[in-house]
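Colleague: Quick check, what structure comes out for this input:
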Amino acid sequence: MVWCLLMDEKSSLENLQLLLNYAWALWGNRNEVQCGGKRKDGRMLLHWVTQYLEEYRSIIVLTLVTNISVQHVQRWNPPPTSCFKCNVDAVVFAELKSVGIGVIVWDWHGHFVVAMCKHLHTPLGPLEAESKAVEIGMQFAKQLGLSDIIMEGDSLMVSRALN
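Modeller: Numbering: from 1, shown residues only. Next up is the predicted model:
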C-alpha cells in the first residue's frame, strides 16, 4: 500500500492520522488473531479506522467548544448550619453491564460523616447511572435519619431535572 502525503497541510495531517490509525488497527488485528480471535479484512479495518477518526474529531471539536465556554471553577462548599450534604457519583462499567455508585455525607462544618458505595449489576447509561446515584444517596440519607440534606452530583442534566 502506498500513501501520498504530499498535499496541502490539512489533508496531509488527515492522511497521516489515517495511516497511523490504520497501522494501529492492523497491529491490533494481528494480536487478536494470535490470541485466537477472528481476522478482519482490510476493508473492515479501514471502515473502523475512518469511523474512529470521525468520532475522535467530533469529540475534539466538542471539547474545544465546551472548554471555551466554561469560564469559572466552582469550589466545594459545606452545607448551611444544621444541614448535611450528600455528594453522589456514578461510574458505568459497560463491558460488565454494571454500575458503581458512591455517596459521601458531610456535616455543616465540612467534616466527613459517613460514606458508602454500591455495585449494581444492571446496564445503565451515564445519565441513568447519575440519576440512580441521586436516588441511592437519598435512600441512604433517609436510612441515616437525615432530613435536612443537600444532594450534590456532577451531572448538570440530572440536577436541572430535579430542580
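
Colleague: Can you name the next helix or strand after the lowest-mean-pLDDT helix or strand in the chain?
Modeller: Lowest on mean pLDDT, DSSP states H and E among the helices and strands of the chain sits helix 42-69, with a mean of 72. Following helix 42-69 in sequence order, the next helix or strand is strand 84-93 (DSSP states H and E).

Colleague: And that next one, what does it pack against?
Modeller: When contacts are defined as 3 or more C-beta pairs under 8 Å, 6 or more residues apart in numbering; DSSP states H and E, strand 84-93 packs onto strand 98-106, helix 126-143, strand 149-152. The way it works is simple: take the backbone N, C-alpha and C, and place the C-beta from them, glycine included.

Colleague: if we compare those, which one ends up closest to Q17?
Modeller: Among the helices and strands packed on strand 84-93, helix 126-143 comes nearest to Q17, with 27.3 Å by C-beta to C-beta.

Colleague: what comes into contact with the closest one?
Modeller: By C-beta atoms under 8 Å, 6 or more residues apart in numbering, the surrounding residues in contact with helix 126-143 are 84, 86, 88-92, 99, 101-103, 105, 116, 118, 120, 124, 149, 151, 153-155, 157-158, 161-162.

Colleague: Can I get the buried ones among those as something I can paste into ChimeraX?
Modeller: ChimeraX command restricting the contacts of helix 126-143 to the buried ones, with burial defined by 16 or more other C-beta atoms under 10 Å:
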select :84,86,88,89,90,92,99,101,102,103,105,120,124,149,151,153,155,158
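
Colleague: sorry, back to before: and the helices and strands packed on strand 84-93, which is most packed in?
Modeller: The highest mean neighbour count among the helices and strands packed on strand 84-93, using mean count of other C-beta atoms under 10 Å, belongs to strand 98-106: a mean of 20.
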